[in-house]
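Trainee: One predicted model, sequence on top.
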Amino acid sequence: MNSISPVLALRPDATAPAPDTRWTVSAVEALYQMPLMDLLFRAQQVHRENFDPNAVQRSALISIKTGGCSEDCSYCSQSARYKTETEREALMQVEDVLAAAREAKARGASRFCMGAAWRGPKEKELAVVSQMIREVKALGLETCVTLGMLKEGQASQLKAAGLDYYNHNLDTDAEFYDKVITTHKHADRVDTIAQVREAGIKVCSGGILGMGESRRNRAAMVAQLANLNPPPESVPINNLVAIPGTPLAETEKVDSFEFLRSIAAARITMPKSFVRLSAGREAMSDEMQALCFFAGANSIFYCDKLLTTNNSGTSRDLALFEKLGLRPI
Ligand code: SAM
Ligand code: DTB
Ligand code: SF4
């Protein structure tokens, strides 16, 4: 009898591009259109081919400079243009950042991410951040910063300080970008990512769902991330945290299954990348998070606070890891 492996028989090859082929938006959209069980199964298969399915990477996140940002990102509590509850705070002292990094390490984080509400860093600011990177790295943590757009030469300064990852999200589809942000262009984001890559720093880039974008917009963003050569090593998928006072405060939430499909699409199109279940976990049930891990998410922010909003707390995360039998990376 001619026996076809059930695994192969279930693989919908119509949506699988040959290796080294670019993902078209339509091919990613076709993933979104699959029956959910087929999509989840395929995502889990890809996940198991590339990662330990029971291990999740944990990054701590801290805001090293808060609020007062010149940019008009419609989702952000830190834009100076919107009246939000976020209070401005100047760039932190290196010792204070270091104390937070020690705590994060003691709690079990493996990476320490530092975020600043800047359009981009000035030279003096970059020197201070470089010092933070050196000292955090010396504690034995991986380092990540997100400082906005970089100018020529700045990425190599960060590399020289020992930076492991630079976070710079595409945030949304190029075609939807100007509905959300007008003070800089989608192409500027791509340019900074190229500079980071050029300097030999690992790229962390993803986006936000639930800003009123269409499924096609979501598929286009996933395709664009997947077509970066190579794709980002880390892909944060944020569920919009609606901030009172921002233009997106009342936006309709993205459907949970649509969010899940986006995680699966990221996993399938970027098989070797860590996919981070990022902002929005506080509002998710344990069951929803478990489904996201099944769909291929294998990284989280592990800290009680994100930049300005609450994260799912570390004690809830520890309990969830225990319940699901997950191991930290
Ligand atoms: N200013 C820098 C920049 O924009 O690249 C770095 C900090 S910025 C706050 C980092 C990322 O946080 C944004 O690109 C966006 O993806 C995410 N973010 C900000 N506010 C958010 C919100 N309310 N909900 C979900 N994600 C958010
Ligand atoms: C990312 O993709 N998400 C993080 C991190 N990179 C810097 C930020 C989430 C911010 C959520 C809203 C806030 O706390 O202000
Ligand atoms: Fe500024 Fe970044 Fe917020 Fe945009 S997302 S307003 S650049 S801090």
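Mentor: Perfect, thanks for sending it. Ligands and ions are numbered 1, 2, ... in the order given.

Trainee: what comes up buried for the helix or strand harbouring Leu40?
Mentor: In the assignment (DSSP states H and E), Leu40 maps to helix 36-50. Going by neighbour count (16 or more other Cβ atoms under 10 Å), the buried part of helix 36-50 is Leu39, Leu40, Phe41, Arg42, Ala43, Gln44, Gln45, Val46, His47. Using the backbone N, CA and C atoms, a C-beta is placed for each residue, glycine as well.

Trainee: Residue numbers of the stretch 101-250 of the chain in contact with ligand 1?
Mentor: Contacts of the stretch 101-250 of the chain with ligand 1, taken as Cβ under 6 Å from any ligand atom, map to 115, 117-118, 146, 148, 168-169, 171, 208, 238, 240-241, 243.

Trainee: returning to what we had before: now the buried residues of helix 36-50 in JSON lines, with pLDDT and distance to ligand 3?
Mentor: As requested, these are arranged in JSON lines below (pLDDT from 0 to 100; distance: Cβ to the nearest ligand atom, whole Å):
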{"residue": "Leu39", "pLDDT": "98", "distance to ligand 3": "30"}
{"residue": "Leu40", "pLDDT": "98", "distance to ligand 3": "31"}
{"residue": "Phe41", "pLDDT": "98", "distance to ligand 3": "35"}
{"residue": "Arg42", "pLDDT": "98", "distance to ligand 3": "33"}
{"residue": "Ala43", "pLDDT": "98", "distance to ligand 3": "28"}
{"residue": "Gln44", "pLDDT": "98", "distance to ligand 3": "32"}
{"residue": "Gln45", "pLDDT": "98", "distance to ligand 3": "35"}
{"residue": "Val46", "pLDDT": "98", "distance to ligand 3": "30"}
{"residue": "His47", "pLDDT": "98", "distance to ligand 3": "29"}
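
Trainee: and those as CSV, adding distance to ligand 2?
Mentor: Converted to CSV, these look like this (distance: Cβ to the nearest ligand atom, whole Å):
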residue, distance to ligand 2
Leu39, 23
Leu40, 23
Phe41, 27
Arg42, 25
Ala43, 20
Gln44, 24
Gln45, 26
Val46, 22
His47, 20
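
Trainee: Relative to Leu228, which of the residues you listed is nearest.
Mentor: Nearest to Leu228, judged by Cβ to Cβ, of the buried residues of helix 36-50 is Val46 at 18.0 Å.

Trainee: State the number of residues packed around Ile208.
Mentor: 26 (other Cβ atoms under 10 Å).

Trainee: ok, now Glu175?
Mentor: Residues near Glu175, counting by other Cβ under 10 Å: 15.

Trainee: Hmm, Arg218 and it touching each other?
Mentor: No - if you go by Cβ atoms under 8 Å, Glu175 and Arg218 don't touch, sitting 11.6 Å apart.

Trainee: any idea which element the residue nearest in space to the middle of the chain lies in?
Mentor: By Cα atoms, centre = their mean, the chain has its centre lying nearest to Pro236, at 1.4 Å. Using DSSP H and E, Pro236 falls within strand 234-239.

Trainee: contact partners of that strand?
Mentor: The contact list for strand 234-239 (Cβ atoms under 8 Å, 6 or more residues apart in numbering) reads 165, 167, 169, 202-210, 225, 253-254, 259, 262-263, 266, 270, 273-281, 283-284, 297, 299.

Trainee: List the beta-bridge partners for Val275.
Mentor: Val275 has these beta-bridge partners by DSSP bridges: Val235.

Trainee: The contacts of strand 234-239 in helices, which ones?
Mentor: Among the contacts of strand 234-239, the members found in helices (DSSP state H) are Leu225, Phe259, Ser262, Ile263, Ala266.

Trainee: What about the first one, how many residues nearby?
Mentor: When counting by other Cβ under 10 Å, one arrives at 25 neighbours for Leu225.

Trainee: ok, now which ones touch it?
Mentor: Residues near Leu225 by Cβ under 8 Å, 6+ apart: Leu170, Ser205, Gly206, Gly207, Pro231, Pro232, Val235, Ala266, Thr269, Met270.

Trainee: Counting neighbours, what do you get for Thr146?
Mentor: As a measure of burial, Thr146 has 22 neighbours, counting by other Cβ under 10 Å.

Trainee: if I look at it, how far off is Ile62?
Mentor: Relative to Ile62, Thr146 is positioned 11 Å away (Cβ to Cβ, to the nearest Å).

Trainee: joint contacts of those two?
Mentor: Cys113, Met114, Gly115.

Trainee: Scan these and report the most crowded one.
Mentor: Neighbour counts for the shared contacts of Thr146 and Ile62 (other Cβ under 10 Å) peak at Cys113, which has 28 neighbours.

Trainee: Not counting sequence-adjacent ones, nearest residue to that one?
Mentor: Computed as Cβ to Cβ, 6 or more residues apart in numbering, the closest residue to Cys113 that is not its neighbour in sequence is Cys144, at 4.0 Å.
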